[in-house]
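>>> Sharing a model prediction with you, sequence too.
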Amino acid sequence: TGTAHGGWEVRRKVIEGREANLVLLCVDASGSMAAKQRMTQVKTAILSLLLDAYRRRDTVGLVTFRGNTAGLALPPTNSVDVAATRLRELPAGGRTPLAEGLLEAAETIRRHRLRDPDRRALLVVVTDGRATAGADAVNRSLEAADLLAAQGVSAVVVDSETGRFRMGLAARLAERLGADHVPVGEVHADALTGIVRGKAA
């Protein structure tokens, strides 16, 4: 019966330990020197997460957005070798197509849910929220956030806004996503891995 099967599923999960996660980072690669440094820290964090992924059975992926487009820089994997190869060159600079990044993340999660419905998705968006690519960029990014919220995706916004005059756009984005908002300013690998491990435990 359905109940018996459901009970077996629960028992199986308890025996196997925690459920597996898809951790998808969606990272702003726009800007100049700061972006290069940010991408180095993100790469370090991904490799660090993958080093203990074999224990946790997690997969980790990366969407980056810069210029006018977003792309899946690292399709979700549990392989450190694959990640190291794919992440060797991460271009940075240009405008900030935040909406496109969020839509690419939504599509990646949708595809992986079809393929592996038992795997819990956690989206980690690293941005200051300042969308600058295309018309009405900020509002389009908030609409993309609404789409992800409607999909019921667990999310964290890692707010990389720095400087004295803050616009608070990443906090607004987190609100629309129904996400935790973690202001970090400068992005460091340790902070990123700590945030992911805390949420994916």
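Ah, there it is.

>>> pretty sure Val60 is in a helix, no?
No: per DSSP: H, G, I helix; E, B strand; the rest coil, Val60 lies outside any helix segment and is strand.

>>> ok, it to Leu49 distance?
Applying C-beta to C-beta, to the nearest Å, the value for Val60 to Leu49 is 5 Å. C-beta here means a position set from N, CA and C on the backbone, and glycine is covered the same way.

>>> next one: Pro117
22 Å.

>>> Determine which residue lies closest to the centroid of this protein.
Nearest to the mean C-alpha position of the chain, by C-alpha atoms, centre = their mean, lies Leu25 at 2.3 Å.

>>> Quick check: bridge partners of that one?
Here Leu25 sits in beta bridges with Leu62, Val124, going by DSSP bridges.

>>> Could you look up the SS state of Ala191?
helix.

>>> That one touches Pro183, doesn't it?
No: with contact defined as C-beta atoms under 8 Å, Ala191 does not count as touching Pro183 (10.5 Å).

>>> can you pull the contacts of Leu47?
With contacts defined as C-beta atoms under 8 Å, 6 or more residues apart in numbering, the neighbours of Leu47 are Val80, Ala83, Ala84, Leu87.

>>> Kindly report the same for Gly93.
Ala29, Ser30, Gly31, Ser32, Ala35, Arg66, Gly67.

>>> on that earlier part again, shared neighbours of Val60 and Leu49, anything?
In contact with both Val60 and Leu49: Val23, using C-beta under 8 Å, 6+ apart.

>>> still on that earlier bit, so which of Pro117 and Leu49 has more stuff around it?
The neighbour count for Pro117 versus Leu49, taken as other C-beta atoms under 10 Å, is higher for Leu49 (25 against 8).

>>> For this structure, which segments are assigned as strands?
Secondary structure of the chain (DSSP state E): strands at 21-28, 59-66, 69-77, 120-127, 154-159, 180-183.

>>> will you turn the ones you listed into JSON lines that also has mean pLDDT and distance to Ile109?
Listed next are these as JSON lines, based on pLDDT from 0 to 100; distance: least, C-beta to C-beta, whole Å:
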{"stretch": "strand 21-28", "mean pLDDT": "89", "distance to Ile109": "6"}
{"stretch": "strand 59-66", "mean pLDDT": "90", "distance to Ile109": "9"}
{"stretch": "strand 69-77", "mean pLDDT": "92", "distance to Ile109": "9"}
{"stretch": "strand 120-127", "mean pLDDT": "89", "distance to Ile109": "5"}
{"stretch": "strand 154-159", "mean pLDDT": "87", "distance to Ile109": "10"}
{"stretch": "strand 180-183", "mean pLDDT": "82", "distance to Ile109": "17"}
